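**Student:** sequence-free structure coming up:
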């Protein structure tokens with residue numbers, strides 16, 4: 001059994017590795033070691049997350065997918081969440097989240113009956129927290145849209161400032177013949193950011 005930790009932040013300005021030490025300390029406290037970290041800056045509301053699916057591709061039956069909070073794994077709508085759950089279940093991976101104590105028992109469960117009962121309980125709790133994470137995402141998007149509409153009506157909306165230095169680094173790397181995947185990996189940026197930089 002390997003413990004594979006997934007770290008996600010929504011934008012390139014945020015530090016996706018912020019919770020790394022906390023996940024390592026949690027695993028160590030359970031007598032385990034994190035075998036690998038998978039880090040990306042992508043929206044939790046999207047299934048287009050290369051590092052998450054690389055993690056799942058690397059997993060074997062019984063491996064642990066460790067996250068700080070369920071919302072790091074999902075802010076997905078219901079159908080996308082079901083698709084991700086099916087992928088996780090198909091690999092035989094167990095999800096453990098620091099904010100979901102019922103999942104901690106998934107780390108060491110030898111008894112088959114207990115394992116099945118905890119799996120069912122954990123699945124229900126995961127569904128509930130994923131639904132709450134989606135609601136929080138939708139509420140924040142709605143409030144943001146309302147704020148932008150008000151700012152536009154008052155003539156004061158400027159939008160998010162462009163990180164000109166990062167955009168120039170992206171264009172420089174592409175100009176040197178690097179692929180988009182190289183740029184993503186080296187500069188820790190999303191493909192949407194690369195696209196914006198090339199259009200600038």
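**Tutor:** Yes, it's here. In this text, all values refer to a predicted model and were calculated from it rather than measured experimentally.
**Student:** Averaged pLDDT, stretch 122-130. What do you get?
**Tutor:** Averaged across stretch 122-130, pLDDT comes to 85.
**Student:** Can you give me the buried ones in that stretch?
**Tutor:** By 16 or more other C-beta atoms under 10 Å, the buried positions in stretch 122-130 come out as 122, 125-127, 129-130. Just so you know, the C-beta spots here come from the backbone N, C-alpha and C atoms, and that holds for glycine as well.
**Student:** try stretch 127-147
**Tutor:** 127, 129-130, 133-134, 137.
**Student:** Return the closest of those residues with respect to residue 103.
**Tutor:** In terms of C-beta to C-beta, no member of the buried residues of stretch 127-147 lies closer to residue 103 than residue 129, at 9.9 Å.
**Student:** Can you tell me the closest non-neighbouring residue to that closest one?
**Tutor:** residue 70 (3.9 Å; C-beta to C-beta, 6 or more residues apart in numbering).
**Student:** from what I can see that neighbour touches residue 126, true?
**Tutor:** Yes. With contacts counted by C-beta atoms under 8 Å, residue 70 reaches residue 126, the gap being 6.3 Å.
**Student:** joint contacts of those two?
**Tutor:** 97, 100 (C-beta atoms under 8 Å, 6 or more residues apart in numbering).
**Student:** how close does residue 30 sit to residue 98?
**Tutor:** The spacing between residue 30 and residue 98, counted by C-beta to C-beta, to the nearest Å, is 11 Å.
**Student:** I misspoke; the intended subject was residue 145.
**Tutor:** 31 Å.
**Student:** For the chain, which segments count as helices?
**Tutor:** 20-29, 50-58, 70-73, 78-91, 101-104, 112-153, 164-175, 180-187, 191-199 (DSSP state H).
**Student:** and the second one, which residues are buried?
**Tutor:** Of the residues in helix 50-58, 51-52, 55-56 count as buried by neighbour count, 16+ other C-beta under 10 Å.
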